[in-house]
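# how would this look folded up:
(2 chains)
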Amino acid sequence: MTLSLNIKAMLVSVAILIVWLGVWEIATPRATAVGEMTEYEMLMGGGAPKAGIPAPSEIIAKAVEELSNPFYDAGPNDKGIGIQIGYSLFRVLAGYFLAALIALPVGFLIGMSPLMHKALDPYIQVLRPISPLAWMPLALFLIRDSQASAIFVIFICSIWPMLINTAFGVAGVRKDWVNVARTHELGPLRTAFQVILPAAAPTIVTGMRISIGIAWLVIVAAEMLVGGTGIGYYVWNEWNNLDLTSVIFSILTIGVVGMLLDAAFGQLQRAVRYQE
Amino acid sequence: MKSLGNPFDGKTDLRHTKGCGCADCKSGASTTAREDMSSDAMMERVIESAIVRSTFGHRDISRRSFASMLGASTLAAAFASVLPIDKVKAAILDEIGTPEKTDLRVGFVPITCATPIIMAEPMGFYERYGLNVEVVKTSSWAIARDMSLSGEYDASHMLTPMPLAITLGAGSTAAPFLMPAVENINGQAIVLRNDHKDKNDDPSVWKGMTFGVPFEYSMHNFLLRYYVAEHGLDPDRDIQIRVVPPPEMVANLSAGNLDGYLSPDPFNQRAVWENAGFIHKLTKDIWEGHPCCAFACSAEFAQTMPNTYGNLLRAIVDATQYASASENRVEISEAIAPTNYLNQPVEVIQQVLTGRYADGLGSVQDVPDRIDFDPFPWHSMGVWILTQMKRWGYIEGDVDYRTVAEQVYLASDCAAVMRDLGLTPPEETYKSHVIMGKTFDPAEPEAYVDSFAIKRS
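So this is what the prediction gives:
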């Protein structure tokens, strides 16, 4: 029965897609072929495509063109979509793992110690709501390197969900389990790794999953600002030319990559889940 | 590296053109071919190439056909018979000096004002002076400023008021910056949205309208302010001026967010091309020959790497001079239009550079000097910019106009390079300018500021 429900859902999804794309395709105005043009009409771009929302068929054609040669490199400002995504992923993952390196131990500390929780809480509350991009000018000025600044921005936005979820997960571990560990005379390190970490893992991974989502959101905006490389730069560069076909194609690409990142952490979440 | 090919050989192509298929252009990084050549050999080749090129002009095709007709060695001998090439090489090598650093990063904002900085890469001007320059597209002038301050860019495309503002610490931390060359003169326009066609004749009815300019410390801002103030409007009270990045101008105009803008091209012409607006006035009609964008670097770069700085400046001045010849403009349009550089339709760039354009009001205009390229940084232009910064309250207190202008605008460096390249720089560095019929005397800046009815200071 579940299988047939899945198949039904898939059929409905495909039907929605076809209807939507069909209406879009028909509703898109076409550039009409014109006969002899005066010089003025030619200089006004008569017959040339105007900036506007393209038909789905044009976006698909663009996607085929870009994806058939994703790793071309025609100079510093013209690289394939694969290379751009590679740059963005590198920045996201670098900033993200740096954040994990700090957020997980500090989160553990806060979760275990009510004193540290109370002491650090004001800082977390003030720093957490700051938009990551607000750090950008300061980062550019202090770090004096755009690549490192972009990584720093990812770092600063990834750290909070991981930190808070880790602290929450660690603090929420059932007291009986810690007491059992104590009666078995486990050392504090063994208690942390064998009792608390597995018990808090689902909450921690949830925090990590939220973080990677935010990091992927932020990198696009950061790269639009700094330029140079990355999927955000690609969007900005095509926007510079009012080329909406490429802009829509890159938006879809950003969505797909974000979905894959999220799915990877979904798998991880399933792996650490346990039944009480 | 194409321009390091043997210039006497008819089979080598010294040009990098649009769609160039050579290995350097394909791989993007042009470092491979140069490793097997010593820097001295490279400099010699560059000089040989420059001599041959100067004989044949920039028409590589005619050089090639001539060379294949005679054969490389005959051609080399022919040159040697009329010109002591070895002595010339020795003399130039002695004077230029080997660059301390050959791999450079130069930033640019993708607009036609940056034409010389951009075209110098695909057309081989940097290579001619022994430099391997990567031109890096930058999303805004604030970022160009920050990248230059941080040293990520060795030099950068800037707006002529920016090095003055950075040196004075207006809008950023103060750091001594230099502007040894202007990029373009003229080349901007005031664009209005299509539904304001009835307001084209009389700017005094613009009260309440919203305008975009690309950056606060820009000629665009100062010229727009000057223009509306001459028509009796206070730019801070009667109209609203917003900073909008150039690429967003056209979309904001058609969405109704902006009623008009004074922006760099190609976005004026692009608004006409997209049927969003029309060209109200070219800025050359406000101030004929006004400076706009510039080539700038930190004082530190020029001092620690004098040879690199000198060669880079030569490449820029050479390219600027090449761009000012109207017969080269079609070729340049094609070289700078691709994704790597401006990422714009060639037809739009061509209308800007050749000055034969549709104005959006139904006529074809023919203004060959709509944009022009002249590297000489007049000190009087710097003083004028400072008077406007003072007038609108961007800088306060007593301003030592001439000292600041002379410290930042390196007219002497530019003049020396121009003489090297066989050009004639002006003798003076100050002259009076006429802006909308009003004469600006650079000797009396304070009196000039006081002479305006509408001002902040």
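
# ok, now how distant is residue A:172 from chain B?
As for residue A:172, its distance to chain B is 44 Å (criterion: C-beta to the nearest C-beta, to the nearest Å). Just so you know, the C-beta spots here come from the backbone N, C-alpha and C atoms, and that holds for glycine as well.

# ok, now residue A:96?
24 Å.

# look up how far residue A:154 lies from whichever residue of the stretch 101-250 of chain A sits closest to chain B.
Per C-beta to the nearest C-beta, residue A:144 is where the stretch 101-250 of chain A lies closest to chain B, at 3.7 Å. Remark: distance between residue A:144 and residue A:154 (C-beta to C-beta, to the nearest Å) = 18 Å.

# let's verify the closest residue to residue B:278 other than its chain neighbours: helix, strand, or coil?
Distances taken as C-beta to C-beta, 6 or more residues apart in numbering or on different chains put residue B:360 closest to residue B:278, at 3.0 Å, once the chain neighbours are dropped. Of the three states, residue B:360 takes coil under DSSP: H, G, I helix; E, B strand; the rest coil.

# what sits against residue B:360?
Contacts here follow C-beta atoms under 8 Å, 6 or more residues apart in numbering or on different chains; on that basis residue B:360 touches A:44, B:194, B:271-272, B:275, B:277-279.

# cutoff 6 Å now
B:272, B:278-279 (C-beta atoms under 6 Å, 6 or more residues apart in numbering or on different chains).

# of those - the most surrounded one?
Within the contacts of residue B:360, most neighbours by other C-beta atoms under 10 Å in any protein chain shown means residue B:272, with 25 neighbours.

# spell out which parts of chain A neighbour chain B.
Proximity of chain A to chain B is confined to A:39-40, A:43-45, A:50-51, A:73-78, A:140, A:144, A:227, A:236-237, A:239-241 under the rule C-beta under 6 Å from any C-beta of the partner chain.

# mind doing that once more with 7 Å?
Proximity of chain A to chain B (C-beta under 7 Å from any C-beta of the partner chain) is limited to residues A:39-40, A:43-45, A:48, A:50-51, A:73-78, A:140-141, A:144-146, A:224-228, A:236-237, A:239-242.

# pLDDT below threshold where in the chain?
Went with chain A since none was named. Within chain A, the ranges that satisfy pLDDT under 70 run A:1-2, A:30-36, A:46-51, A:275-276.

# sorry, I should have been clearer: chain B.
In chain B (pLDDT under 70), the answer is B:1-47, B:50-64, B:66, B:69-70, B:78-96, B:171-172.

# what residues does it put near chain A?
So far as C-beta under 7 Å from any C-beta goes, chain B lies against chain A at B:27-28, B:110, B:134, B:136-139, B:143, B:146-147, B:150-152, B:247, B:250-251, B:272-275, B:339-341, B:343-345, B:347, B:351, B:357-358, B:362-364.

# could you flag which of the residues you listed are buried?
B:28, B:110, B:134, B:136-139, B:143, B:146-147, B:150, B:152, B:247, B:250-251, B:272-274, B:339-341, B:343-345, B:347, B:351, B:357-358, B:364 (16 or more other C-beta atoms under 10 Å in any protein chain shown).

# cross these against helices and list the overlap.
B:143, B:146-147, B:150, B:247, B:250-251, B:272-273, B:347, B:351 (DSSP state H).

# related to what we said a few turns ago, which one of residue A:144 and residue A:154 is surrounded by more residues?
Shown here are residue A:144 and residue A:154; by other C-beta under 10 Å, residue A:154 has more neighbours (29 against 15).

# next one: whichever strand or helix holds that one to chain centre, how far?
Secondary structure from DSSP states H and E places residue A:154 in helix A:146-171. With C-alpha atoms, centre = their mean, to the nearest Å as the basis, helix A:146-171 stands 13 Å off its chain's centre.
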